[in-house]
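[1] got a predicted model here, sequence first, then my questions.
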Amino acid sequence: MALPEWLAPVNKLLKDHDMEPNVKFQKIAEILVQHKAAEFIDNIPPTRFLPHPGNRGGNMVNWHDMAQSASVKLRSGFQLGLIGLSICFELPRDPTLRAAHLKKISDLIDASDGYSDFFNRYRFCLKDYFAIVLLFLSTQAIETTQGHLAPITGDEKYLAIATTHTVYWCKSVLAQCKCSLPDLGDGKRYSLEHMLAGKGPNHPLEIMCKSGWRWLVVHEEVEQHIPALPMRWSGSMNSTHAGNNQKLEMESALELCNSFQIMGDWVAALGAVAAGEPACKDYLGTIFNFCKTYGGGDTFPIVRYLAAYSSLWSASLKLGADFTEAVTNEPLQVGSKFPLFRAGMIAAQLTSPKHSDSVAKLLTVSDIRALKSKDKKQMLFEAESLMAGACFSFVFNYFFLQKKMCMGSYHQSYEQSFFLQKKALGELSSIL
């Protein structure tokens, strides 16, 4: 079978690392439209969409970000002209690829079966003790996602990679999904009628939710020939909307790992993630080192866990360059890289009630460097060993329970946060 005429020029553009990402993808769009591999379609209703599995590095959508952004837009006023360029790919007709895409999306939307759903979601990357580790992860936190995102109905035809949060928020509004923000509904669920009360007919929000807007639709054959294109294009489009939702460290780490698995080249993956202008771009190289050194192997289970953990918490705080550098590059003790304990410190930081300029301040660089002292050596090895067994889940579950029980108002220090671990294990002293 002859290759499509658009393939060579598109691949040439993708390999051009000097061209600005947005210029590059604009040219790619023009080529695809010219060769009838993409087309503009007006008024596609939100009910026809799902998020592309490659959107935002594989995290797809975040229900918390969707609601917060919508609340801001409701106060300032929705405008169709400000939605921006909307891009989607056709849902593949190929049974294998279609099933794989729908499974990933379903796992995101239907995370309602506690730990068993999370275990099934990541069983493909489990090895040895990770089967135990992931089996027990955060029943409480996973259940908080249930009902916040519109379910798959079978009417969907498109997978969004740009303005994805907007279109899926509209779809979730029509499905009357859970939402606690009083301006978006009754305090329990979205209500379009509530939001439109007193606004008159033909309001832009009503048009958005019921009639939709104009989309660039990329035909399914494009993704079949270039599987990495949706994720790379999504990253570029996210940079356009970076003022609202810049990618933070764990989302960028996940995108980096997913891009590497698709491209097979760390340099190309790093460039693709950087092109999306994440909030952590200045220290993306450090995140790259964390993924390679402590990711957990070829399928990066530690990175995948931390990204899911961050998403479930709807974490909006940066880890920050100094903390990320220390948790990645400080040698701690001779004899181990301590990947699980490092992951534990990141998980703790993601729950931080202390912050300054949107940077988490629960743990400090001094706390991490203190672990290098001789009197911490035995305790640190004990902690890593215990976390490599059944204890790993307990350490993380403590933070999940801490937030659920205290509703984000706790002020425990890092030392106090390990108190429950110490009490339960009966042996492990406080690390710091």
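    Nice, thanks for sending it over. Residues are numbered from 1 along each chain as shown.

[2] residues of the helix or strand harbouring Met195 that come out buried?
    Using DSSP states H and E, Met195 sits in helix 192-196. Residues Leu192, Met195 are the ones in helix 192-196 that count as buried (16 or more other Cβ atoms under 10 Å). Glycine gets a C-beta too; all of them are placed from N, C-alpha and C.

[3] what's that helix packed up against?
    Counting by 3 or more Cβ pairs under 8 Å, 6 or more residues apart in numbering; DSSP states H and E, the packing neighbours recorded for helix 192-196 are helix 164-174, helix 204-210.

[4] which residues are contacting that helix?
    For helix 192-196, the surrounding residues in contact (Cβ atoms under 8 Å, 6 or more residues apart in numbering) are Leu74, Val173, Leu174, Asp183, Leu184, Gly185, Asp186, His203, Leu205, Glu206, Cys209.

[5] helices of the stretch 201-350 of the chain, start to end?
    Shown for the stretch 201-350 of the chain, the helices assigned by DSSP state H, counting those that start in this stretch span residues 204-210, 220-225, 229-240, 242-245, 249-263, 266-275, 284-294, 301-313, 321-329, 339-350.

[6] packing partners of the second one?
    Packed against helix 220-225 by the contact rule (3+ Cβ pairs under 8 Å, 6+ apart) you find strand 87-90, helix 229-240.

[7] could you do the first one as well?
    Using 3+ Cβ pairs under 8 Å, 6+ apart as the contact criterion, the secondary-structure elements in contact with helix 204-210 are helix 164-174, helix 192-196.

[8] show me the contacts for the spatially closest residue to Ile346 that is not a sequence neighbour.
    Nearest residue to Ile346 in three dimensions, chain neighbours excluded: Leu306, at 5.7 Å (Cβ to Cβ, 6 or more residues apart in numbering). Taking Cβ under 8 Å, 6+ apart as the contact definition, Leu306 lies against Met250, Ala253, Ala343, Ile346, Ala347, Leu350.

[9] pLDDT value on the residue nearest the centre of the chain, please?
    Note on the chain: the residue nearest the mean C-alpha position is Asn59, at 3.2 Å, using Cα atoms, centre = their mean. Here the pLDDT value assigned to Asn59 is 77.

[10] any idea how far it is from Val303?
    12 Å (Cβ to Cβ, to the nearest Å).

[11] then Glu330?
    As defined by Cβ to Cβ, Glu330 lies at a distance of 19 Å from Val303.

[12] which of the two has more neighbours?
    Ranked by neighbour count (other Cβ atoms under 10 Å), Glu330 and Val303 place Val303 first, with 23 against 14.

[13] before we move on, back to that, for Ser259, which of the helices and strands packed on helix 192-196 is the nearest?
    Shortest distance between Ser259 and those, using Cβ to Cβ, is found for helix 164-174: 17.6 Å.

[14] mind listing residues that contact the closest one?
    Counting by Cβ under 8 Å, 6+ apart, residues outside helix 164-174 touching it are 46-47, 49-52, 55-56, 60-63, 65-67, 69-70, 83, 86, 148-150, 160, 179, 184, 190-192, 195, 208-210, 212, 234, 245.

[15] now do 7 Å
    46-47, 49, 51, 55, 61, 65-66, 69-70, 83, 149-150, 160, 190, 192, 208-209 (Cβ atoms under 7 Å, 6 or more residues apart in numbering).

[16] over to stretch 275-287?
    21, 235-236, 238-239, 242, 246-249, 252-253, 256, 270, 273-274, 318, 321, 324-325, 328.

[17] mind putting the helices and strands packed on helix 204-210 into JSON lines with distance to Lys372?
    Formatted as JSON lines, those follow (distance: least, Cβ to Cβ, whole Å):
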{"stretch": "helix 164-174", "distance to Lys372": "42"}
{"stretch": "helix 192-196", "distance to Lys372": "54"}
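
[18] any idea how far the closest residue to His35 other than its chain neighbours is from Glu30?
    Leaving aside its chain neighbours, His35 sits nearest to Trp6 (4.0 Å; criterion: Cβ to Cβ, 6+ apart). To Glu30, Trp6 is 10 Å away according to Cβ to Cβ.

[19] also Glu20?
    From Glu20 to Glu30 the distance is 15 Å (Cβ to Cβ).

[20] Cys257 now?
    Distance from Cys257 to Glu30, by Cβ to Cβ: 31 Å.

[21] neighbour count: the two, which is higher?
    Shown here are Cys257 and Glu30; by other Cβ under 10 Å, Cys257 has more neighbours (26 against 11).

[22] which residue is the nearest non-sequential neighbour of the more buried one?
    Phe300 is the one closest to Cys257 (Cβ to Cβ, 6+ apart), at 4.2 Å.

[23] from what I see, the one you found and Leu256 are in contact.
    No: in this structure, Phe300 is not within contact of Leu256 by Cβ atoms under 7 Å, at 9.0 Å.

[24] wait, what's in contact with Ala67?
    Cys179, Leu181, Leu184.

[25] ok, Lys157 next?
    Arg48, Glu90, Leu91.

[26] now Leu82: how far from Met208?
    11 Å.

[27] what about the two, which has more around it?
    Neighbours per residue, other Cβ under 10 Å: of Leu82 and Met208, the larger number sits with Met208, 21 against 10.

[28] can you get me a residue count around the closest residue to that one other than its chain neighbours?
    Distances taken as Cβ to Cβ, 6+ apart put Cys170 closest to Met208, at 5.5 Å, once the chain neighbours are dropped. By the criterion of other Cβ under 10 Å, Cys170 has 27 neighbours.

[29] before we move on, what about the one 4 residues further on?
    Other residues within reach of Leu174 by the criterion other Cβ under 10 Å amount to 16.

[30] check Arg93 too.
    8.

[31] which residues sit in contact with the closest residue to it other than its chain neighbours?
    Leaving aside its sequence neighbours, Arg93 sits nearest to Glu220 (Cβ to Cβ, 6+ apart; 6.4 Å). Shown in contact with Glu220 (Cβ under 7 Å, 6+ apart): Phe89, Glu90, Pro92, Arg93.

[32] surely Glu39 touches Val217?
    Yes: with contacts counted by Cβ under 7 Å, Glu39 reaches Val217, the gap being 5.7 Å.

[33] got the phi and psi for Cys177?
    phi -70, psi 170 (degrees, to the nearest 10).
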